[in-house]
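>>> Sequence and predicted structure, then a few things I'm wondering about:
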Amino acid sequence: MATFDLTRLRAVVFDADGVVTDTARVHAAAWKHVFDAFLRGRRSAPFDIRGDYLAHVDGRPRLDGVRTFLASRGISLPEGGPDDEPGAATVYGLGLAKDALFVKEIEQHGVAAFPSTVTLLHELRRRGCRTAVVSASRHCRAVVSSAGVLHLFDVLVDGNDAAELGLPGKPDPALFLEAARRLELPAVEVAVVEDALPGVAAGRRGGFGLLVAVDRSGSQAAAMRAAGADAVVGDLADASVAGRVPVGRE
């Protein structure tokens, strides 16, 4: 059980993919399509949609995910550049191919927010707690808007901000710290909710007041605690809010 104690916390920062929106599976499927096409004919096992995704890609900026996964297979590619053909045998080429697949899927089918997360967001805001959403993806605003929950956040920090400000990706805490800065709060008064190991590590390194990890797969609880999570839940329905009277009540 995780409890957001609002006597000491004034804001909660949520990771987007896998915590707010049910998009982690879309990301994983797009990665598998791209990596399997690239690996075909090579002496390498196909991309494992659970193990490889969680270990090498989840929570990382797109290009870092390409580099990390390929390194796990002992493969090195030229960096290339943003003008590369999607699917080209470069870091950028594979990243662009994955991005195109992800965008196509979201445009065709939309995206849903996790009901338990929406319930928690409403309860936090009803009690006067501020909220933010963070993602390494450049598509965070479009995804959160598509899910119909953009209005539930005071601050959004995404891959566009990271590129503009030169912020490193997770496990560096820069994205979370930028959200806290925009909320005008010290990290110790802010909670972080994450579902990826690099994000959990980032939350711990950032010195946040509470770090809640969401383990939807049921396979990462021990690793998440080892990475610094204060609490691990299978879903945010297992989280509660305490310590502040709801707005408008005595």
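Perfect, I can see it now.
>>> Check the gap between residue 83 and residue 73 for me.
26 Å (Cβ to Cβ, to the nearest Å). In this view, the C-beta of every residue, glycine as well, is placed from N, C-alpha and C.
>>> higher neighbour count, the two?
Neighbours were counted for residue 83 and for residue 73 using other Cβ atoms under 10 Å; residue 73 has more, 17 against 8.
>>> ok, now which ones touch the more buried one?
39, 44, 45 (Cβ atoms under 8 Å, 6 or more residues apart in numbering).
>>> the helices in the protein, which residues?
Using DSSP state H, the helices of the chain run over residues 24-39, 51-52, 62-72, 91-109, 115-126, 140-146, 159-165, 174-183, 197-205, 221-226.
>>> For residue 14, find the nearest of those.
helix 115-126 (7.1 Å; Cβ to Cβ).
>>> Provide the contact partners of that closest one at residue level.
Residues contacting helix 115-126 (Cβ under 8 Å, 6+ apart): 4, 6, 12, 14, 19-20, 131, 149, 152-153, 235-237, 239, 241, 246-247.
>>> Tell me who's in contact with residue 162.
Going by Cβ under 8 Å, 6+ apart, the list of residues near residue 162 reads 61, 136, 168, 169, 174, 175.
>>> nearest residue to the third one other than its sequence neighbours?
Computed as Cβ to Cβ, 6 or more residues apart in numbering, the closest residue to residue 168 that is not its neighbour in sequence is residue 174, at 5.4 Å.
>>> Verify the stated contact: the one you found with residue 157.
No - in this structure, residue 174 is not within contact of residue 157 by Cβ atoms under 8 Å, at 9.3 Å.
>>> Tell me which of the two has more neighbours.
residue 157 (27 against 19).
>>> check contacts around the more buried one.
Counting by Cβ under 8 Å, 6+ apart, residue 157 has contacts 132, 133, 134, 135, 175, 178, 179, 182.
>>> can you give me how far stretch 95-115 is from the chain middle?
A distance of 14 Å separates the centroid of the chain from that of stretch 95-115, by Cα atoms, centre = their mean, to the nearest Å.
>>> If you could redo that for stretch 89-109, that was the one I meant.
17 Å.
>>> Output that stretch as PDB, nothing but the C-alphas.
Provided in PDB are the C-alpha atoms of stretch 89-109 (Å, rounded to 0.1, in the frame of the first residue of the first chain):
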ATOM      1  CA  ALA A  89      20.600   0.900 -40.200                       C
ATOM      2  CA  THR A  90      21.500   3.800 -37.900                       C
ATOM      3  CA  VAL A  91      20.500   4.700 -34.400                       C
ATOM      4  CA  TYR A  92      18.300   7.500 -35.800                       C
ATOM      5  CA  GLY A  93      16.900   5.300 -38.600                       C
ATOM      6  CA  LEU A  94      15.600   2.700 -36.200                       C
ATOM      7  CA  GLY A  95      14.300   5.300 -33.800                       C
ATOM      8  CA  LEU A  96      12.500   7.100 -36.500                       C
ATOM      9  CA  ALA A  97      10.900   3.900 -37.700                       C
ATOM     10  CA  LYS A  98       9.600   3.100 -34.200                       C
ATOM     11  CA  ASP A  99       8.300   6.700 -33.800                       C
ATOM     12  CA  ALA A 100       6.300   6.500 -37.000                       C
ATOM     13  CA  LEU A 101       4.700   3.200 -36.000                       C
ATOM     14  CA  PHE A 102       3.800   4.500 -32.600                       C
ATOM     15  CA  VAL A 103       2.200   7.700 -34.000                       C
ATOM     16  CA  LYS A 104       0.200   5.700 -36.600                       C
ATOM     17  CA  GLU A 105      -1.200   3.400 -33.900                       C
ATOM     18  CA  ILE A 106      -2.200   6.300 -31.600                       C
ATOM     19  CA  GLU A 107      -3.800   8.200 -34.500                       C
ATOM     20  CA  GLN A 108      -5.800   5.200 -35.600                       C
ATOM     21  CA  HIS A 109      -6.800   3.800 -32.300                       C
END
